[in-house]
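[1] heads up, no residue letters with this:
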């Protein structure tokens, strides 16, 4: 009798095994950030902190999902979304001028500037390449002014760029 009970219990457990991935998938969907609300919130930040006057959007903004942890994408919840944009400036400018521009556009946000080793970019020392991150509760705006300096802008002063990127992650 006890052997039959163990057999029934073992068979019942084996029958439930296919439900585990389905349960994990359902959890990932329920626990994920709301894409529509997150992208709308990021677009509000972009609208409130426009690029310098005369800059034009290059292409369409791209939305990237950030997973809560590494793993099979369909089984891991999305913790946030990042809207990535690129702009072409109407005239070359320095990365430092971009940081000042966004500092004025985002008062009250905390600013962190990360200088990039110019040799990594095959540029002369002191080229001014940097990443600037502006943070406030629930949000982050990152100005990418390093990879856009390669190759140097033709007929422009050294240390300037004619394009840059902005990534925004904002909780709704």
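    Perfect, thanks for sending it. The shown structure was predicted, so the numbers you read here are calculated from the model rather than taken from an experiment.
[2] can you list the residue ranges for helices in this structure?
    Using DSSP state H, the helices found in the chain span residues 2-16, 19-31, 35-48, 95-105.
[3] neighbours of the residue lying closest to residue 105 once chain neighbours are set aside, how many?
    Among residues not flanking residue 105 along the chain, residue 49 sits closest, at 4.0 Å (CB to CB, 6 or more residues apart in numbering). For every residue, glycine as well, the C-beta is placed using N, CA and C. By other CB atoms under 10 Å, 19 other residues sit near residue 49.
[4] doesn't residue 108 make contact with residue 49?
    No - Residue 49 is beyond contact range of residue 108, at 11.7 Å (criterion: CB atoms under 8 Å).
[5] any idea how far the longest strand along the chain is from the chain center?
    With secondary structure taken from DSSP state E, the chain has its longest strand at strand 78-93. Remark: strand 78-93 is offset 9 Å from the chain centroid, using CA atoms, centre = their mean, to the nearest Å.
[6] I'd like to know which elements that strand is packed against.
    Packing partners of strand 78-93 (3 or more CB pairs under 8 Å, 6 or more residues apart in numbering; DSSP states H and E): helix 35-48, strand 56-57, strand 62-67, strand 161-170.
[7] thanks again, I'm all set now.
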